[in-house]
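Undergrad: quick one, what's the 3D model for this:
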Amino acid sequence: TDPIPLFVENVKWNKDSFMQWYFANKPDCIITVGNDAGHWLQEETIRIPEDVGLFSVWGIDEEQPQSFSYFNVSLELLAKTSIEVLSDRLNSNRRGVPLRRRSILLSSDLVNLNSLRPIG
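TA: Residues are numbered from 1 along each chain as shown. Predicted structure coming up:
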């Protein structure tokens, strides 16, 4: 089968556009940021996790309470890592945009709020 197209919208991030995408594609699981998508699904009486699983890759305890399972991102660890990267660039006298992209993976705690189905 063809892969489901991503719903990546800055301008059209609203319930109508999202629900149109959802009904056209019927995904098994949605990976999102924040609570919007989950609340829109629930308003349409779509059950989470029975009808669709939902997971947020970005949750911060200090922000709005998360309603669905998420990674609890440590802002302190993110800030320390950013400072280390900047300090390393300054100490090695590197300037400008690097020729090769560098990725840094920070681990986060999984907060399970029962919005994902068990793997079958």
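Undergrad: assign a three-state SS to Leu90, would you?
TA: At Leu90 the chain is in helix, as set by DSSP: H, G, I helix; E, B strand; the rest coil.
Undergrad: neighbours around Asn72, how many?
TA: 13 (other CB atoms under 10 Å). Bear in mind the C-beta positions are built from the backbone N, C-alpha and C, glycine included.
Undergrad: so how far is Gln66 from it?
TA: 8 Å (CB to CB, to the nearest Å).
Undergrad: list the contacts of the residue positioned nearest the centre of the chain.
TA: When the chain is reduced to its mean C-alpha position, the nearest residue by CA atoms, centre = their mean turns out to be Val57, at 3.0 Å. If you count contacts by CB atoms under 8 Å, 6 or more residues apart in numbering, Val57 has them with 31-33, 70-71.
Undergrad: how about Gly34, what does it touch?
TA: 56, 58-59, 64, 66.
Undergrad: so which of those residues is the most crowded?
TA: Ranking those using other CB under 10 Å puts Gly59 first, with 25 neighbours.
Undergrad: just to revisit the earlier point, helix or strand for the residue nearest to the centre of the chain, which one?
TA: Counting by DSSP states H and E, the element that carries Val57 is strand 53-59.
Undergrad: about what we covered before: what about the contacts of Val57, which are in strands?
TA: Using DSSP state E, 31-32, 70-71 are the members of the contacts of Val57 that sit in strands.
Undergrad: hmm, which two among those are most spread apart?
TA: Spanning the widest gap among the ones in strands among the contacts of Val57 are Thr32 and Phe71, at 11.9 Å by CB to CB.
Undergrad: number of nearby residues for the nearest residue to Asn35 once chain neighbours are set aside?
TA: Ranked by CB to CB, 6 or more residues apart in numbering and with sequence neighbours excluded, the top spatial neighbour of Asn35 is Ser67, at 4.9 Å. By the criterion of other CB under 10 Å, Ser67 has 17 neighbours.
Undergrad: now do Glu84
TA: 11.
Undergrad: cool, and Trp13?
TA: 12.
Undergrad: just checking, Asn72 touches Val111?
TA: Yes. Counting by CB atoms under 8 Å, Asn72 does reach Val111; the two are 5.1 Å apart.
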